[in-house]
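1. My questions concern the predicted model and sequence given below.
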Amino acid sequence: MAVRHTLNLWRQELGEAPDSVWQQTELHVLILADNGLTVLPPEIGQLHQLNTLDLGHNALTSVPEELGRLTGLSGCLYLHDNQLTQLPDCLGNLARLRYLNVGENSLTALPESIGGMSGLIELRAQHNRLTTLPDAIGRLRSLRELWLRGNAIEHLPTSAADLHELRHLDLRENSLHAVPESLAGLPRLRQIDLRSNHLGHLPDWLALMPSLEKLDLRWNEVDPSLPLISELERRGCVVLT
């Protein structure tokens, strides 16, 4: 069994990662979370064997392009709870990555290059300033979970209809006035969280979604006596109003 090299520097009050970190090119897991980091050096691109990288809970305002050299990342990349206003296009090089967390930042958009992250199974972008997603989101054909809570999303692109593996969609606390039509044909979508939007109408196609098990509509203006809701409940879907 291969030895997995891990360096855990969680909550060490570093302020800046020591140069010796970037010289450990055998690392598979690097944890630098909660250290008050404000910048990452380009030398991070030397860690070609990294599988998982945790940079969450810092004060990063940008991510270096050299991050895109870490094409061996096939586990998790944590960038949540920083001060990022945009993500670099180089993230699209991480085609093997399975989990990406960019929540709790100040992102107003996700880059089109995110479509290159074809291995993603879970994407978390909650609590940012997103109003929509890039068209390239539809290229994430392996995506099973999409977390978008606490943004300002008004609609989803039509390409979201290509997310055929999607099981869980969290759109709580956004600016939706209608249930996104691009969800209509998603065959494996089981749970949709639409709490705290501006919904007043439900489309009839919701009753035709073959795998829907839970639909959360609380804190909207939806009439709980709608026949559609009764139909969903009749076939076993839990509807919360």
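-> Right, received. Where do you want to start?
2. so where's this protein uncertain?
-> Counting by pLDDT under 70, the ranges of the chain that qualify are 1-3.
3. top helix in the chain by residue count?
-> helix 227-234 (DSSP state H).
4. tally of neighbours for A136?
-> A136 is flanked by 18 other residues according to other CB atoms under 10 Å. (C-beta placed from N, C-alpha, C; glycine too.)
5. need the contact list for it.
-> By CB atoms under 8 Å, 6 or more residues apart in numbering, the contact set of A136 is 112-116, 159.
6. any idea which of those has the most stuff around it?
-> I114 (23 neighbours).
7. I'd guess that one is in a strand, am I close?
-> No. In this structure, I114 is helix, not part of a strand, as judged by DSSP: H, G, I helix; E, B strand; the rest coil.
8. my read: it touches G138, true?
-> No. Look at I114 against G138 with CB atoms under 8 Å: they stay out of range, at 10.7 Å.
9. so T38 touches L60, yeah?
-> Yes. In this structure, T38 is within contact of L60 by CB under 8 Å, at 6.5 Å.
10. Those two: which is more packed in?
-> Between T38 and L60, counting by other CB under 10 Å, L60 is the more crowded of the two (19 against 14).
11. The residue nearest to L226 when sequence neighbours are not counted: how many residues sit nearby?
-> Spatial nearest neighbour of L226, excluding adjacent residues (CB to CB, 6 or more residues apart in numbering): L202 at 6.2 Å. Neighbours of L202 under the rule other CB under 10 Å: 21.
12. Equivalent analysis for E181, please.
-> E181, neighbours per other CB under 10 Å, totals 14.
13. In space, what's closest to it - neighbours in sequence excluded?
-> With CB to CB, 6+ apart, the residue lying closest to E181 is P203, at 7.0 Å.
14. likewise W205?
-> W205 sits nearest to A184 (CB to CB, 6+ apart), 4.5 Å away.
15. is it true that that neighbour touches D204?
-> No. Counting by CB under 8 Å, A184 does not reach D204; the two are 9.8 Å apart.
16. of these two, who's got more company?
-> A direct count of neighbours by other CB under 10 Å for A184 and D204 places A184 higher, at 15 against 10.
17. before we move on, the earlier item: looking at the contacts of A136, which is nearest D54?
-> When the contacts of A136 are ranked by distance to D54 (CB to CB), I114 comes first, at 19.6 Å.
18. quick one, domains of this structure?
-> 1-122, 130-241 (automatic domain parsing).
19. quick one: the first one to chain centroid distance?
-> Just to be clear, that refers to domain 1-122. Put simply, domain 1-122 sits 14 Å off its chain's centre (CA atoms, centre = their mean, to the nearest Å).
20. wait, what's in contact with the residue nearest to W205?
-> Counting by CB under 8 Å, 6+ apart, A184 makes contact with 161, 203, 205, 208-209.
21. Please identify, among the residues you listed, the one with the most neighbours.
-> So for the contacts of A184 (other CB under 10 Å), the most neighbours sit at M209, 21 neighbours.
22. mind checking how far that one is from E231?
-> 11 Å (CB to CB, to the nearest Å).
23. shouldn't the residue nearest to L226 be in contact with L228?
-> Yes. The criterion here is CB under 8 Å, and L202 meets it with L228 at 5.3 Å.
24. So the residue nearest to L226 lies in a strand, does it not?
-> No. Going by three-state DSSP, the assignment for L202 is coil, not a strand.
25. From E231, how far off is it?
-> 10 Å.
26. Next: N151.
-> 30 Å.
27. Who has more neighbours out of these two?
-> A count of neighbours by other CB under 10 Å puts N151 above the other of N151 and E231, at 23 against 15.
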